[in-house]
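In: here is a sequence with its predicted model. Questions after.
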Amino acid sequence: MVSKKVSSERKYECHKCWVEMNKEEVETFGPNIIIDVCPKCNGIWLDKGELEKLLKDRKLSNYLTKHIGVKSSSPMICPQCGNLMDIEKADEIEVDVCLTCGGVWLDSGELEELKTKSEEGFEGDKLAKMEELEEERLYKARNSSLNKFLRKLTK
Ligand SMILES: [Zn+2]
Ligand SMILES: [Zn+2]
C-alpha cells in the first residue's frame with residue numbers, strides 16, 4: 001500500500017488508544033483516497049465507500065457494509081457520527097461497521113486479510129445476509145407504521 005501523510009480537516013480519535021489518527025493518502029486506480037490510520041495500533045477508519053475503492057471488490061464491500069441490519073453487536077461507537085456499530089463477518093474476519101453512516105473500522109491487518117478473501121473470490125454467507133435483510137425490512141415496516149400513528153396524533 002503506497003501512502004503518504006497528509007494534513008487536512010477533521011481528525012478522528014482511535015477508540016482503542018484514544019490518540020489522534022493520522023490522515024494518509026492512498027493511491028487507487030481512481031482518485032486517491034484519504035484514510036485515517038491510528039499511529040499506535042495501526043487500526044484503519046474508512047468512510048463509506050472507501051472500502052470498495054481499496055479492495056476494488058464491490059461484492060465483498062457491499063456484503064460487509066450494505067444491509068447490515070439494525071442490531072448492534074459491537075461495543076464500538078462510530079468516531080464519525082457517534083452512533084452504534086455492528087460487527088460484520090467475512091468468515092473469521094470481523095469488522096465494525098456503523099449502522100448509520102456506513103463507516104468501517106478495520107483492526108491492524110484486517111485490510112490485508114480482506115484483500116486475500118477478495119482474491120479467493122469470497123461470496124459471503126447468504127443465509128446471514130438474508131436474516132439481516134429481513135431484520136431491516138421489519139424495522140422499516142415497524143417504523144413506517146409508527147410514523148403513520150404519530151402523524152395521526154398530530155392531526
Ligand atoms: Zn489505536
Ligand atoms: Zn457513523
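Out: It's in. Ligands and ions are numbered 1, 2, ... in the order given.

In: CA only for contacts and neighbour counts going forward, please
Out: OK.

In: in the strand or helix carrying residue 149, what counts as buried?
Out: In this assignment (DSSP states H and E), residue 149 forms part of helix 126-154. If you call a residue buried by 16 or more other C-alpha atoms under 10 Å, then helix 126-154 has these buried ones: 129, 132-133, 135-136.

In: can you lay out those as a markdown table showing distance to residue 147 and pLDDT?
Out: Output for the buried residues of helix 126-154, formatted as a markdown table (distance: C-alpha to C-alpha, whole Å; pLDDT from 0 to 100):
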| residue | distance to residue 147 | pLDDT |
| --- | --- | --- |
| 129 | 27 | 82 |
| 132 | 22 | 84 |
| 133 | 21 | 86 |
| 135 | 18 | 86 |
| 136 | 16 | 87 |
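
In: give the bridge partners for the one residue sitting closest to the centre of the chain, please.
Out: In the chain, the centroid-proximal residue (C-alpha atoms, centre = their mean) is residue 104; its distance is 2.5 Å. Judged by DSSP bridges, the bridge partners of residue 104 are residue 46, residue 97.

In: figure out how far the helix holding residue 149 is from the centre of its chain.
Out: 22 Å (C-alpha atoms, centre = their mean, to the nearest Å).

In: what's it packed up against?
Out: Helices and strands touching helix 126-154, as assessed by 3 or more C-alpha pairs under 8 Å, 6 or more residues apart in numbering; DSSP states H and E, are absent.

In: for this structure, which helix or strand comes out least confident on mean pLDDT?
Out: Ranking every helix and strand in the chain by mean pLDDT, DSSP states H and E puts strand 3-6 at the bottom, with a mean of 62.

In: for the helix or strand that it is followed by, output the C-alpha coordinates as CSV.
Out: Where DSSP H and E defines the elements, the next helix or strand beyond strand 3-6 is strand 22-26. Below are the C-alpha coordinates for strand 22-26, written out as CSV (Å, rounded to 0.1, in the frame of the first residue of the first chain):
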residue,chain,number,x,y,z
ASN,A,22,-3.2,10.2,11.1
LYS,A,23,-4.6,11.0,7.7
GLU,A,24,-2.9,9.0,5.0
GLU,A,25,-3.4,9.3,1.3
VAL,A,26,-3.7,6.0,-0.6
